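Visitor: model this:
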Amino acid sequence: MRKRAPFPLPLFLTFLLATGITRPARASRTYRVQPGDTVYQIAQWHGISLQSLIACNQLTQADTILPRQVLFLPPPTTLADEDLYTVQKNDDLSGIAKKYQTSVGWLRQRNNLTSDRIYVGQWLKVPAKAAATPSSPGGGRSPYVWNIPDLMARHPGKVFLHGDNSRKQVALTFDDGPDLEYTPQILDILGQFGIKATFFLKGANVPGCEWVVSRIVREGHLVANHSYTHPNFRKMAPDPIVAEVEKAETLLEKITGKKTALLRPPYGEMTEEGLDRLVAAGYQMINWSVDSGDWKTDQADEILTNTLSQIKAGSIILMHSAGGAGQDLTSSIKALPGLINTLQGLGYEIVPLTDLLPVQAYQAEE
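Guide: The predicted model follows:
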């Protein structure tokens, strides 16, 4: 009988859903432990190495897992002639073999299958398709160039993606608020846990929500600038960029009595000239290293997977406290308590950006 020692990360269990899921999990990136499971069996079922499963979940005792615990599944290691396929509803081995012009025997051998039974959400190794021929030079649209490394080199100590990785600390940040629905709920949850976060606020959302901004400050969270209308700064000249920031700043300063020093440009995008102007005006640019993906899913479980699979010491986590017209962030609200519990259970301290980074939240009064 497998030893049932106390699970070293008990808080990890708190974000599990009420419904049980039979193996393997319905999502290809997560698996909920069932009674009698072992880490070795789970690794075998999903075609991944025991070592990668342990490392992906930061397990300190590989033989100590509990029923209903969520494990995150790294992709199986593939050979040069293999790709990965996620089993869909109504799939069977013969159909997959036909689709990839191979044999059922090949699929059994490459995936260490002892039977022809497969499950929705399961990863299978399949024959790799021939690589597409590269397009001719100059054809099509120009590739996107990520300019953040250049901005960091241009303004050392003024542009951040993450904090110090020598301390097991992370920061929660929330974009696009305030609003009257989701931001107050997030504040309620943060208050229950005693967690302080940073809210990058959109100026156009402030009118009518002034009391929400006041509450953010009153409860010890940081207020930061996220522009007025949320445009893409990479497509703008310096003057309009500065105007966007200043217009939002005027509204925030009226409420807080302070001028913000932390700026997150919409979409994390910025031009060199725009940053020159904003740094000269006293701002530091704060992006993120972990995108929760809460803006593109209605599944709380997926938000947890997106976040926890990327987390490491020094992470800046991107979430949202408001959305666009008609956007439903209920999944973010559902995911947040489990995320906090899990991070703390994994030994992470959740701190304000001013503790994670060498920055000040507000500019000195002139």
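Visitor: Three-state assignment for the residue nearest to I42 when sequence neighbours are not counted, please.
Guide: Spatial nearest neighbour of I42, excluding adjacent residues (C-beta to C-beta, 6 or more residues apart in numbering): Y31 at 6.0 Å. Every residue, glycine included, has its C-beta placed from N, CA and C. Classification of Y31 by DSSP: H, G, I helix; E, B strand; the rest coil places it in strand.
Visitor: Number of residues surrounding D116?
Guide: 11 (other C-beta atoms under 10 Å).
Visitor: OK, contacts around it?
Guide: D116 makes contacts with 92-93, 104, 108, as judged by C-beta atoms under 8 Å, 6 or more residues apart in numbering.
Visitor: Show me the two of these that sit farthest apart.
Guide: Farthest pair in the contacts of D116 (C-beta to C-beta) is D92 and R108. Separation: 12.6 Å.
Visitor: Hmm, S227 and V245 touching each other?
Guide: Yes. If you go by C-beta atoms under 8 Å, V245 and S227 touch, sitting 6.2 Å apart.
Visitor: what is in contact with those two at once?
Guide: With C-beta under 8 Å, 6+ apart as the test, V245 and S227 reach no residue in common.
Visitor: which stretches of the stretch 151-300 of the chain form strands?
Guide: 159-160, 169-177, 198-201, 222-225, 262-263, 284-286, 290-291 (DSSP state E, counting those that start in this stretch).
Visitor: Including mean neighbour count, mean pLDDT and distance to E210, could these go into a markdown table?
Guide: Formatted as a markdown table, these follow (neighbours: other C-beta atoms under 10 Å; pLDDT from 0 to 100; distance: least, C-beta to C-beta, whole Å):
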| stretch | mean neighbour count | mean pLDDT | distance to E210 |
| --- | --- | --- | --- |
| strand 159-160 | 21 | 97 | 29 |
| strand 169-177 | 26 | 97 | 12 |
| strand 198-201 | 27 | 98 | 11 |
| strand 222-225 | 24 | 98 | 12 |
| strand 262-263 | 25 | 98 | 20 |
| strand 284-286 | 24 | 98 | 24 |
| strand 290-291 | 20 | 94 | 29 |
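Visitor: I'd like those as a markdown table, with distance to Y40 appended.
Guide: Formatted as a markdown table, the strands of the stretch 151-300 of the chain follow (distance: least, C-beta to C-beta, whole Å):
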| stretch | distance to Y40 |
| --- | --- |
| strand 159-160 | 40 |
| strand 169-177 | 30 |
| strand 198-201 | 41 |
| strand 222-225 | 45 |
| strand 262-263 | 46 |
| strand 284-286 | 42 |
| strand 290-291 | 29 |
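Visitor: what comes up buried for stretch 206-222?
Guide: By neighbour count, with 16 or more other C-beta atoms under 10 Å as the criterion, the buried positions of stretch 206-222 are 206, 209, 212-213, 215-217, 221-222.
Visitor: tell me how far the ends of it are from each other?
Guide: 15 Å (C-alpha to C-alpha, to the nearest Å).
Visitor: Contacts for it next, please.
Guide: Contacts for stretch 206-222 (C-beta under 8 Å, 6+ apart): 177-180, 183-184, 187, 190-191, 196-199, 201, 223, 248, 251-252, 255-256, 262, 352-354, 361.
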